[in-house]
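# Need coordinates for the below:
(one chain, ligands or ions: 1)
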Amino acid sequence: MSKFRVGLIGCGGRMTGAHMKAFERMDDVEVVAIAEPVEERRLAAQKKYSLPDERCYKDHKEFYAKENKSTLDAIFIAIEPTAHDRMTELCAVEMGIPFLVEKPMALDIDLAKEIAEKVEAKGLITAVGFQDRYLDLMDLIKAELPKHKAGGLVWGAWIGGIPGVWWWQKKSTCGGQLLEQNIHILDGLRWLYGEPLSVYATNTTGMVKAGEDASPEYDTDDHSTVVFRFPNHVTATLVSGDYIQNRFDSKLSGLVISLSDMVIEYHLRNNVLFKSAKEIRDVYRNEDQTYTLDRAFIDAIKTNNPALVRSPYQDAYKSLKLAFDCNKSMETGEVIYYDR
Ligand SMILES: NC(=O)c1ccc[n+]([C@@H]2O[C@H](COP(=O)([O-])OP(=O)(O)OC[C@H]3O[C@@H](n4cnc5c(N)ncnc54)[C@H](O)[C@@H]3O)[C@@H](O)[C@H]2O)c1
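This next block holds a predicted model:
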């Protein structure tokens, strides 16, 4: 039987470190085309998949000029947030090629909205890299919540080191730590609690010194705090930081969910503790959630069952829009209320 043919746009850290590793575990999948401007990375991917020169492109424009629905079954896109343009996803939509794109899918929210609408109109199968929706630990948390009285306080955090790559050092090219990285937990809150009623956010800059602790252009948030009010008496505070030096395993990233009769302590992608008067249950992660995400996306296409995808572009757009709203609240100091 012929294999499932995948094209890759971007061969940087995320593609090589996670998606390519996931494909190694899939006998039914082959990478048949790649696009990557950095020669060293392009050549490494070409060698890995023994690709002919004519299917190794310098960027997505060359890629879309030659590839189409008859040559590919799906496209995986993992490029810098600032590199998405009107062609990156819209060409795939127009050609009717299913695609998986990494979060944050764009820094232009109007473009993301247009893509979401066109994906919906076309009925195209898409996926966004919100890997935590596929995490076995997240499934346990989602199944546990309805067993308890609704409501309570939630603390979420992702506190990391000073970003190394150029695009993550500037808010204009990454969107800030909340939008670039902690959008995973923001999306997790939507996955667990639905759409918020209101959002309010603050941020600070200048703790990380541009030119001393980081590049001279460094201007992204040091940290930010968002308060989300959700229906059913849930209020979540989400903190995002990227100022840590001499990184160590601080166990500060994840979620703490305080229910009336249980505390759920989720340590990011590692383990989750369910603490109650009866027991303390500690469960560790079993499976790599990016593998599960990629498998779900590919199986959704192979079986024409879009329901296997937990974060299609249209839904992921709502998380992206919410992160944009958080950034807006940081700028204006105003609470944003939603009419629900
Ligand atoms: N889902 C997750 O958990 C997760 C984890 C890490 C990164 N990411 C996301 O993945 C994206 C990429 O991150 P990364 O760490 O791989 O960045 P990176 O800088 O390591 O790699 C991005 C690559 O895209 C290439 N590229 C840029 N423009 C291109 C174009 N027009 N055509 C083809 N290739 C192009 C760059 O040359 C680079 O090699 C980011 O949006 C990031 O947030 C997601």
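
# only C-alpha atoms for contact and neighbour calcs from this point on.
Will do.

# Lys58 versus whichever residue of the stretch 201-340 of the chain sits closest to the ligand, what's the distance?
Closest contact between the stretch 201-340 of the chain and the ligand, by CA to the nearest ligand atom, is at Thr290 (7.6 Å). Using CA to CA, to the nearest Å, one gets 26 Å for the distance from Thr290 to Lys58.

# which of those two has more neighbours?
Thr290 (20 against 17; other CA atoms under 10 Å).

# Where do the domain boundaries of the chain fall?
4-129+290-311, 132-287+322-337 (automatic domain parsing).

# Name the residues of the chain found near the ligand, please.
9-15, 35-38, 59-60, 78-81, 83, 102-104, 129-131, 180 (CA under 6 Å from any ligand atom).

# Among those, which ones are in helices?
Among the residues of the chain next to the ligand, the ones falling in helices (DSSP state H) are Gly13, Arg14, His60, Glu180.

# quick one: which of these is nearest Lys328?
Glu180 (14.8 Å; CA to CA).

# show me the contacts for that closest one.
By CA atoms under 8 Å, 6 or more residues apart in numbering, the contact set of Glu180 is Pro81, Lys103, Pro104, Trp168, Cys174.

# any idea how far the fourth one is from Ile162?
Put plainly, it is Trp168. From Trp168 to Ile162 the distance is 9 Å (CA to CA).

# Out of the contacts of Glu180, who's the most crowded?
In the contacts of Glu180, the most neighbours by other CA under 10 Å go to Pro104, 28 neighbours.

# per-residue pLDDT, that residue?
Pro104 carries a pLDDT value of 98.

# list the contacts for it?
Counted by CA under 8 Å, 6+ apart, Pro104 has contacts Pro81, Leu179, Glu180, Ile183, Leu320.

# After the helix or strand hosting Asp325, which helix or strand is next?
Element membership for Asp325, per DSSP states H and E: helix 313-332. Moving toward the C-terminus from helix 313-332, the next helix or strand (DSSP H and E) is strand 336-337.

# Neighbouring strands - and their directions - for that next one?
strand 198-204 (antiparallel) (DSSP bridges).

# Next secondary structure element downstream of the strand it pairs with?
Heading C-terminal from strand 198-204 (DSSP H and E), you reach strand 223-230.

# how far off helix 313-332 does that next one point, in degrees?
For strand 223-230 against helix 313-332, the angle by axes from the mean of the first three to the mean of the last three CA atoms, to 10 degrees is 120 degrees.

# what about strand 223-230, average pLDDT?
On average, strand 223-230 scores 98.

# Over to stretch 305-320?
98.

# ok, residues contacting it?
104-105, 109, 112-113, 116-117, 119-120, 125-130, 133-134, 179, 183, 186-187, 190, 293, 296-297, 299-300.

# 7 Å instead, please
104, 112-113, 116, 120, 125-128, 130, 133, 187, 296-297, 300 (CA atoms under 7 Å, 6 or more residues apart in numbering).

# again with stretch 218-227
Against stretch 218-227 from outside (CA under 7 Å, 6+ apart): 169-171, 176-177, 199-205, 207-208, 210, 236-243, 326.

# Apply 6 Å and report the result again.
169-171, 176, 199-205, 210, 236-243 (CA atoms under 6 Å, 6 or more residues apart in numbering).

# those helices in the stretch 1-150 of the chain, which residues are they?
13-14, 20-24, 39-49, 60-66, 90-95, 109-122, 136-144 (DSSP state H, counting those that start in this stretch).

# same deal with the stretch 151-300 of the chain?
171-174, 176-180, 183-193, 289-302.

# can you redo the ones you listed as a markdown table with mean pLDDT?
Below are those laid out as a markdown table (pLDDT from 0 to 100):
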| stretch | mean pLDDT |
| --- | --- |
| helix 171-174 | 96 |
| helix 176-180 | 96 |
| helix 183-193 | 98 |
| helix 289-302 | 98 |
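
# deepest of those helices, which one?
helix 176-180 (a mean of 26; mean count of other CA atoms under 10 Å).

# Can you show me the CA trace of it as CSV?
Listed next in CSV are the C-alpha coordinates belonging to helix 176-180 (Å, rounded to 0.1, in the frame of the first residue of the first chain):
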residue,chain,number,x,y,z
GLY,A,176,5.3,38.0,23.9
GLN,A,177,5.8,35.0,26.2
LEU,A,178,2.0,34.6,26.8
LEU,A,179,1.2,34.5,23.1
GLU,A,180,4.3,32.6,22.0
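
# how distant is that helix from the center of its chain?
11 Å (CA atoms, centre = their mean, to the nearest Å).

# Any stretches of the chain with poor pLDDT?
247-251 (pLDDT under 70).

# Out of the ones in helices among the residues of the chain next to the ligand, who's the most crowded?
Highest count within those by other CA under 10 Å belongs to His60, 23 neighbours.

# separation between that one and Ile141?
For His60 relative to Ile141 (CA to CA), the value is 39 Å.

# just Thr237 next, same as before
18 Å.

# With Ser2 instead?
39 Å.

# Among those two, which residue is more densely surrounded?
Ile141 (18 against 7).

# Would you confirm that the residue of the stretch 201-340 of the chain closest to the ligand contacts Phe130?
No. In this structure, Thr290 is not within contact of Phe130 by CA atoms under 6 Å, at 8.7 Å.
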